[in-house]
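J.: output the structure for:
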Amino acid sequence: MTEHELALTLVALGGLLLAGLGAEWLGRRTRVPGVTLLVILGVLAGPSGLSLLPAQAETWMPILSTVALMVCGFTGISLPQALKFASTTVTDDDDDSLTTTFAWTVEGGSVSASSTSGLTSTLAGAFAAGDAVVCTVTTDDGKGGTDSASAGTTITNTAPTVSAVTLDKSTLYTNDTLTASVTSSDPEGDTLTTTYDWYVAGASVQNGTSDTLNGASTSVGFDKSDDVYVIVNVTDGIDTVTSTSSTLTVSNTPPGASVTLSSGPVYTNDTIPAVVSTDDDDGDSVGVSYAWYVDGSVVAETSSTLDGATDFDKEQEVYVIITPNDGSVDGSSETSSSVEIANSLPTAPDVELVEEGTTTFAQLAASGHHSCVLESSGGIECWGDDTNGGVSDAPTDDGRTFLSRGG
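T.: Numbers count the residues shown, from 1 in each chain. Predicted coordinates:
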């Protein structure tokens, strides 16, 4: 073959290759199978059609047939998709009718094709990751002429996928329990194992198969202002993929409180104390505000006690509402039970019993002609000779009274 003939042959073959690529491109964008377009192109270009190839190029056809058989296109070699063997063209110099057969082996063992149609054979579900799969195609012209070619591949494992990692809370507080949910899948249907690596304030605190993190734990818990997230690792035993959740910052936990009033009777003029207990998960100092109510109306809002001398009377209902605050936020208000002010007993008067008909004297003054006594009640009694006014003129300048008696 001269250089000129060789050049023509290479140009023709190059043009045929470009035409084949064009047919493949057209097949991908239409409903016409690419193999069909390639066969039509081969017929048109060959001696049975338009005989577009130079005569010297036709001598290369047996070689090209073998090469074409060796160009086996494997599509979807990742599990669980099928392996598909496609022979682009099969030719015979004698234009004999050709019969093409396919033989599949997996790890050296013969297996049957899932389907075969024309120059396409498909194998599905008969292999696993790591298996060596070989397809051998043989063409026979029915007159003792045969040719064959093989192509093979090793099935690679397809890594699992993680489509979502979500946390069950949008707002997180100290002592909460946080749970992660993972949505994952594996194309081969392999059993997946998921591990959870929990991070608090940038440090890994719990790594294992638990999908929950207990904020109240002294070893792995979290506190106000800590950042919390989880990194999940999903493996099918061969490949591992990781995915990270969103990050939650632990919010300030509102404080809590409880309140009780006296369980015994309360009277007018008594002082009622509010007995309060507080708690705060974050360990913050808690203050309390008070609102005292008497018969449903607020009467005081400053103190932990209420003075009955100014604020309540008998038969009135008294209760208090308290509100805790940790310096940042209020906690839930709590209301005490009501206390009804009881009726106060009256004060008993001082009583002195004096024997009837008996007078008690505090002092006695006597003279030769008359006498006077100072009674314990303050009165003065005199008796005796009143010739000189000794009885009737008894002193009265100190406010004492007297009764005179003749002697």
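
J.: can you list the domain ranges for this structure.
T.: Using automatic domain parsing, the domain parsing of the chain gives 1-59, 63-156, 165-251, 256-342, 361-406.

J.: what's the spacing between the fourth one and its chain's center?
T.: Here domain 256-342 is found 37 Å from its chain centre; the criterion is Cα atoms, centre = their mean, to the nearest Å.

J.: same question for it, mean pLDDT?
T.: Average pLDDT, domain 256-342: 95.

J.: the shortest one now?
T.: In this model, domain 361-406 has an average pLDDT of 64.

J.: sorry, back to before: now the domains of the chain as TSV including mean neighbour count?
T.: In this view, the C-beta of every residue, glycine as well, is placed from N, C-alpha and C. As requested, the domains of the chain are exported to TSV (neighbours: other Cβ atoms under 10 Å):
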stretch	mean neighbour count
domain 1-59	14
domain 63-156	16
domain 165-251	16
domain 256-342	16
domain 361-406	13
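
J.: helix, strand, or coil at Y199?
T.: Three-state assignment for Y199 (DSSP: H, G, I helix; E, B strand; the rest coil): strand.

J.: for it, list each beta-bridge partner.
T.: Applying DSSP bridges to Y199 yields these beta-bridge partners: S204, Y229.

J.: is it true that it touches V230?
T.: Yes - between Y199 and V230 there is a contact under Cβ atoms under 8 Å: 7.0 Å.

J.: and the pLDDT at V134?
T.: So, for V134, pLDDT stands at 89.

J.: and the nearest residue to it once chain neighbours are set aside, what are its phi and psi?
T.: Of all residues not flanking V134 in the chain, G152 sits nearest, at 3.8 Å (Cβ to Cβ, 6 or more residues apart in numbering). Dihedral angles of G152 (phi, psi; degrees, to the nearest 10) stand at phi -140, psi 170.

J.: cool, and the one 3 residues further on?
T.: Note on I155: backbone dihedrals following degrees, to the nearest 10 are phi -70, psi 120.

J.: next one: C382
T.: phi -130, psi 150.

J.: which strand residues bridge it?
T.: C372, S404.

J.: from T191, how far off is it?
T.: 127 Å (Cβ to Cβ, to the nearest Å).

J.: how close does L178 sit to D326?
T.: Here the criterion is Cβ to Cβ. By it, L178 lies 22 Å from D326.

J.: swap in T249?
T.: 17 Å.

J.: again, but for A159
T.: Taking Cβ to Cβ, one finds A159 at 48 Å from D326.

J.: returning to what we had before: pretty sure the residue nearest to V134 is touching F127, no?
T.: No - the criterion here is Cβ under 8 Å, and G152 misses it with F127 at 11.5 Å.

J.: name the residues contacting each of these two.
T.: Shared contacts of G152 and F127, defined by Cβ atoms under 8 Å, 6 or more residues apart in numbering, comprise V133.

J.: just the helices in the stretch 251-400 of the chain please.
T.: Here the stretch 251-400 of the chain has its helices, by DSSP state H, counting those that start in this stretch, at 308-311.

J.: all strands of it, in order?
T.: 256-260, 266-267, 271-273, 275-279, 287-294, 297-300, 305-307, 317-325, 334-335, 339-342, 361-366, 370-375, 379-384 (DSSP state E, counting those that start in this stretch).

J.: would TSV of these with distance to L119 be doable?
T.: Converted to TSV, those look like this (distance: least, Cβ to Cβ, whole Å):
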stretch	distance to L119
strand 256-260	78
strand 266-267	103
strand 271-273	98
strand 275-279	79
strand 287-294	86
strand 297-300	94
strand 305-307	99
strand 317-325	82
strand 334-335	83
strand 339-342	98
strand 361-366	148
strand 370-375	150
strand 379-384	150
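
J.: and V205, which of these is closest to it?
T.: Counting by Cβ to Cβ, V205 lies closest to strand 275-279 out of the strands of the stretch 251-400 of the chain; the figure is 24.8 Å.

J.: quick check: L374 touching C382?
T.: No - if you go by Cβ under 8 Å, L374 and C382 don't touch, sitting 10.5 Å apart.

J.: next one: G130 from Y199, what distance?
T.: With the distance defined as Cβ to Cβ, G130 ends up 35 Å from Y199.

J.: L178 now?
T.: 12 Å.

J.: common neighbours of those two, please.
T.: Common contacts of L178 and Y199 (Cβ under 8 Å, 6+ apart): V228.

J.: touching, T174 and G215? I think so.
T.: Yes - with contact defined as Cβ under 8 Å, T174 reaches G215; the gap is 5.8 Å.

J.: output the below-cut-off pLDDT ranges for the stretch 51-200 of the chain.
T.: Within the stretch 51-200 of the chain, the stretches with pLDDT under 70 are 51-94.
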